[in-house]
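S.K.: quick one, structure for this:
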Amino acid sequence: MKETALTFIGHGTCYGIDKEMIKTVLRPLIADKGIDTFYSGGMGDFDWVCARAVYELKAEFPHIRNYLVIPYLSFTIRNKDIFDEIIYPEGFEKYYFKAAITKRNHFLVDNVAYALCYVKHDWGGAAQTFKYAQKKKIKIINVGA
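M.R.: Model prediction:
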């Protein structure tokens, strides 16, 4: 786990969330907590709003890094230019499609100290990843609560 890393956990569809709100939440984490590494799964609206917010925050904090972690090689990547790097974790080729997504979500949580979340209900992939993050005892900020 990297103490200065954060991941995003959120439902595929999110309401009332925009880049400016996310940037307002992230600025003090960068300035005061030293967060400099951001991991996104790139699957839903929340992931993309957050990834775009980090990309724009690089103008204020040029040292921060924005990573996309993909679950399989055929993953469709939109807006790849906003990321510093795309990561395909070693060994993921052995997982079938649905299992790869869960393993990728666990990879995200296992490699961070913080999670910025938009989780409003207890079913689906975001909710399962949120529960996993709670179990791992990382610091959670849930803007969907």
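
S.K.: state the mean pLDDT of the longest strand seen in the chain.
M.R.: Longest strand in the chain, counting residues (DSSP state E): strand 2-10. Strand 2-10 carries an average pLDDT of 96.

S.K.: next helix or strand past it?
M.R.: Per DSSP states H and E, the first helix or strand lying C-terminal to strand 2-10 is helix 19-33.

S.K.: center of this protein, which residue is that?
M.R.: In the chain, the C-alpha closest to the average C-alpha coordinate belongs to F8, at a distance of 2.7 Å (CA atoms, centre = their mean).

S.K.: list the contacts for that one?
M.R.: By CB atoms under 8 Å, 6 or more residues apart in numbering, the contact list for F8 reads F38, Y39, S40, G41, F46, D47, C50, A51, A115, L116, C117. Yep, even glycine has a C-beta here, placed from its N, CA and C like the rest.

S.K.: mind listing what's buried in the longest strand of the chain?
M.R.: A5, L6, T7, F8, I9, G10 (16 or more other CB atoms under 10 Å).
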